[in-house]
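Visitor: structural data only, the sequence is not supplied:
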């Protein structure tokens, strides 16, 4: 309820002014509520993925399995299929969500996500090269994806540096480089045998079919290093969101923080791509949805939770939509993200920004 001021006679004179401290308090409370609700939703969808679906498991049986008891059939389904898939899905969503929010905030462009500007295209081209040309398998494919994403990010930055590396320039160069890398990937697929091409196409769509405890291990190890780094740099990100001059005036070392944030974002996107392939539109969707929930504020934690929520929800739909087969999770996320991309492009044109 709005407070009312009164003069010395006790007659109301108007509403009390809203102080900056009150605004900050309301913002913090809203953020806490949103994060709590998103966290509960992620936990709920995680449980849905593990307990429900084509092979449902009761909560008592799940607890017994975690305690080490062997239940014929159920133990294998939970420990070797459902649980690692859910953990990897959560990690992939968190990685893409944070990476997308960092890119979009730094470059001040809603189109500047890793999958749109070519970082994941570089990871894909390198992974397919490892599969088709080098005959790689197992850990070789994720390692190639990591290297490809990092190299692509460096090339984009070098090509954009000559013109000032503005957000729009980086996006345009990234889109052009992504087209070249996608052409390379297509060429490599035409040179491969049928079995290798089929495996590569599933990976390129974005799939959790190969989720395993090994992937859980190195995804978790990367998250332990990269997520705290992103959290530590988030204050600088909020400063850069206001512009380089304002950030510098508040004591933010602009160049160093920008480079560190981009490096962390590229690494998170690369790890997520290596774990499940280039799952489309997660990095693109998570940041804008999180900002909408927070009333326009940027929060890496909210973007991470929204990303995890999208991947877990899409994975459940993909695994259970058809009775006789499990779809790659990228099919579902692509169906969600494509209309949102069209909406952004239309909104940008109406606003006179031209995309």
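Guide: Noted; the coordinates are in hand. Being a predicted model, the structure only gives us computed values, none of them experimental.

Visitor: strands along the stretch 1-150 of the chain, start to end?
Guide: With DSSP state E, counting those that start in this stretch as the criterion, the stretch 1-150 of the chain has strands at 4-6, 12-15.

Visitor: compare the mean pLDDT across the ones you listed and name the weakest.
Guide: Mean pLDDT per stretch puts strand 4-6 lowest among the strands of the stretch 1-150 of the chain, at a mean of 51.

Visitor: mind listing what's buried in the longest helix belonging to the chain?
Guide: Selection of the longest helix in the chain by residue count, based on DSSP state H, yields helix 20-51. By 16 or more other CB atoms under 10 Å, the buried positions in helix 20-51 come out as 31, 34, 35, 38, 41, 42, 45, 46, 49, 50, 51. For the C-beta atoms, the positions are set from N, CA and C on the backbone; glycine is no exception.

Visitor: ok, so of these, who is nearest residue 194?
Guide: residue 49 (31.7 Å; CB to CB).

Visitor: wait, what's in contact with the closest residue to that closest one other than its chain neighbours?
Guide: Excluding the flanking residues, the one nearest residue 49 by CB to CB, 6 or more residues apart in numbering is residue 86, at 4.4 Å. By CB atoms under 8 Å, 6 or more residues apart in numbering, the contact list for residue 86 reads 46, 49, 50, 312, 315.

Visitor: got the residues you listed as TSV, with distance to residue 101 columns?
Guide: Listed next are the contacts of residue 86 as TSV, based on distance: CB to CB, whole Å:
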residue	distance to residue 101
46	21
49	24
50	27
312	18
315	21
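
Visitor: ok, residue 44 to residue 333 distance?
Guide: To residue 333, residue 44 is 19 Å away according to CB to CB, to the nearest Å.

Visitor: now the helices for the stretch 101-250 of the chain?
Guide: Assignment of helices within the stretch 101-250 of the chain using DSSP state H, counting those that start in this stretch yields the ranges 119-132, 140-161, 167-190, 194-205, 213-241, 244-249.

Visitor: packed most tightly, which of those would that be?
Guide: Neighbour counts (mean count of other CB atoms under 10 Å) averaged over each of the helices of the stretch 101-250 of the chain peak at helix 119-132, with a mean of 28.

Visitor: so how far is it off the chain centroid?
Guide: Here the centre of helix 119-132 is set off from its chain's centre by 19 Å, with CA atoms, centre = their mean, to the nearest Å.

Visitor: remind me what that helix packs against, helices and strands.
Guide: Helix 119-132 sits against helix 140-161, helix 167-190, helix 194-205, helix 254-276, with contacts defined as 3 or more CB pairs under 8 Å, 6 or more residues apart in numbering; DSSP states H and E.

Visitor: and with 10 Å instead?
Guide: Packing partners of helix 119-132 (3 or more CB pairs under 10 Å, 6 or more residues apart in numbering; DSSP states H and E): helix 83-107, helix 140-161, helix 167-190, helix 194-205, helix 254-276, helix 282-293.

Visitor: so the longest one versus helix 213-241, what angle?
Guide: Calculated by axes from the mean of the first three to the mean of the last three CA atoms, to 10 degrees, helix 83-107 forms an angle of 20 degrees with helix 213-241.

Visitor: cool, the last one as well?
Guide: Here helix 282-293 points in a direction 50 degrees away from that of helix 213-241 (the same axes, to 10 degrees).

Visitor: if we can go back for a sec, nearest to residue 57, out of the helices of the stretch 101-250 of the chain?
Guide: Of all the helices of the stretch 101-250 of the chain, helix 213-241 comes closest under CB to CB, at 18.0 Å.

Visitor: what's that closest one packed up against?
Guide: Packing partners of helix 213-241 (3+ CB pairs under 10 Å, 6+ apart): helix 83-107, helix 140-161, helix 244-249, helix 254-276, helix 300-320.

Visitor: swap the cut-off to 6 Å and go again
Guide: Under the contact criterion of 3 or more CB pairs under 6 Å, 6 or more residues apart in numbering; DSSP states H and E, helix 213-241 touches helix 83-107, helix 254-276.

Visitor: okay, the angle between it and helix 300-320?
Guide: Using the same axes, to 10 degrees: helix 213-241 against helix 300-320 is 140 degrees.

Visitor: list the contacts of residue 332.
Guide: Going by CB atoms under 6 Å, 6 or more residues apart in numbering, residue 332 touches 314, 317, 318.

Visitor: what pLDDT does residue 84 get?
Guide: In this model, residue 84 carries a pLDDT of 91.

Visitor: for residue 302, see how far away the nearest residue to residue 52 once chain neighbours are set aside is.
Guide: For residue 52, ignoring the flanking residues on the chain, the nearest one in space by CB to CB, 6+ apart is residue 316 at 7.7 Å. Separation of residue 316 from residue 302 (CB to CB): 21 Å.

Visitor: those two: which is more packed in?
Guide: When residue 316 and residue 302 are compared for neighbours, residue 302 comes out ahead with 25 against 20, by other CB atoms under 10 Å.

Visitor: from residue 154, how far out is that one?
Guide: Counting by CB to CB - residue 302 and residue 154 are separated by 29 Å.

Visitor: where in the stretch 201-350 of the chain is pLDDT low?
Guide: 242-247, 323, 344-345, 347-350 (pLDDT under 70).

Visitor: repeat for the stretch 51-200 of the chain
Guide: In the stretch 51-200 of the chain (pLDDT under 70), the answer is 136-139, 161-167.

Visitor: right, I'll leave it there.
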